[in-house]
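>>> no FASTA, just this:
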């Protein structure tokens, strides 16, 4: 099935550094979602984006809905050890009537204290 | 946290046995979903429900069946479990079709 291209696949950074990750598609999406998954738990919704160009923040997290509607970005500022986990992008395809979410493969983030 | 409870959280069983996983929600959301998560494949939709007794297939539905007799409960059944169905299974809910989905904490299923 269709998937989103999420990059990078993994990141190993120093505590205090800023982090950027992105998600791209060859087709248009109507909604972009960003989730975080901790080990042994389910994905937790971080940010939801509904309009092209929209920029939304949640604490140290900021996400943007790309103007072309084919990409989205997530930035984490001043990373801390509890930011460790897998970050997933997801979206609703522009032509979908079923409401089926399309997921990226995830970005694994490791933070060195 | 969204009120989603999955049971059991862990299960080990043998090939050929039937297995039923339960998802219970307290949010009164219309849509419920079952996903499986495997290394290298990410999250894949098995089945979903858009109301009581209304269900549809996802991308990996072979070998699975579902039932929803009440708004709050969505059951996933493996009629005859196979080793390829060893996975982590997540339930998710959403208010409506194009609304964000909220996930439970998963069931880790091992089929020997």
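All right, it came through fine. None of the values given here were measured: they were computed from a predicted structure.
>>> so what are the sheet partners of the helix or strand of chain A with the lowest mean pLDDT and their directions?
Lowest by mean pLDDT, DSSP states H and E among the helices and strands of chain A is strand A:101-103, with a mean of 91. Note on strand A:101-103: by DSSP bridges, its sheet partners are strand A:85-93 (antiparallel).
>>> after the least confident helix or strand of chain A comes which helix or strand?
strand A:107-112 (DSSP states H and E).
>>> tell me the first helix or strand C-terminal of the longest strand along chain B.
The residue-count maximum for a strand in chain B (DSSP state E) belongs to strand B:42-51. Under the assignment DSSP H and E, the closest C-terminal helix or strand after strand B:42-51 is strand B:54-57.
>>> what's that following strand packed up against?
Helices and strands touching strand B:54-57, by 3 or more Cβ pairs under 8 Å, 6 or more residues apart in numbering or on different chains; DSSP states H and E, are strand B:42-51, strand B:64-70. Just so you know, the C-beta spots here come from the backbone N, C-alpha and C atoms, and that holds for glycine as well.
>>> tell me which residues in that strand are buried?
Neighbour-count burial for strand B:54-57 flags residue B:55 (criterion: 16 or more other Cβ atoms under 10 Å in any protein chain shown).
>>> run the chain-centre distance for that strand.
Averaging C-alpha positions (Cα atoms, centre = their mean, to the nearest Å) puts strand B:54-57 12 Å from its chain's average.
>>> paired strands for that strand, with orientation please.
strand B:42-51 (antiparallel).
>>> next, the angle from the partner strand to strand B:64-70.
40 degrees (axes from the mean of the first three to the mean of the last three Cα atoms, to 10 degrees).
>>> tell me which residues in strand B:42-51 are buried?
For strand B:42-51, using 16+ other Cβ under 10 Å, the buried residues are B:42, B:43, B:44, B:45, B:46, B:47, B:48, B:49, B:50.
>>> and what of stretch B:93-106?
Those would be B:93, B:94, B:98, B:99, B:100, B:101, B:102, B:103, B:104, B:105, B:106, for stretch B:93-106 by 16+ other Cβ under 10 Å.
>>> export those residues as TSV, with columns for secondary structure, distance to chain A and pLDDT.
Listed next are the buried residues of stretch B:93-106 as TSV, based on DSSP: H, G, I helix; E, B strand; the rest coil; distance: Cβ to the nearest Cβ, whole Å; pLDDT from 0 to 100:
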residue	secondary structure	distance to chain A	pLDDT
B:93	strand	11	97
B:94	strand	8	95
B:98	coil	5	87
B:99	coil	8	92
B:100	coil	5	94
B:101	coil	6	95
B:102	strand	6	96
B:103	strand	4	97
B:104	coil	5	97
B:105	coil	5	95
B:106	coil	5	97
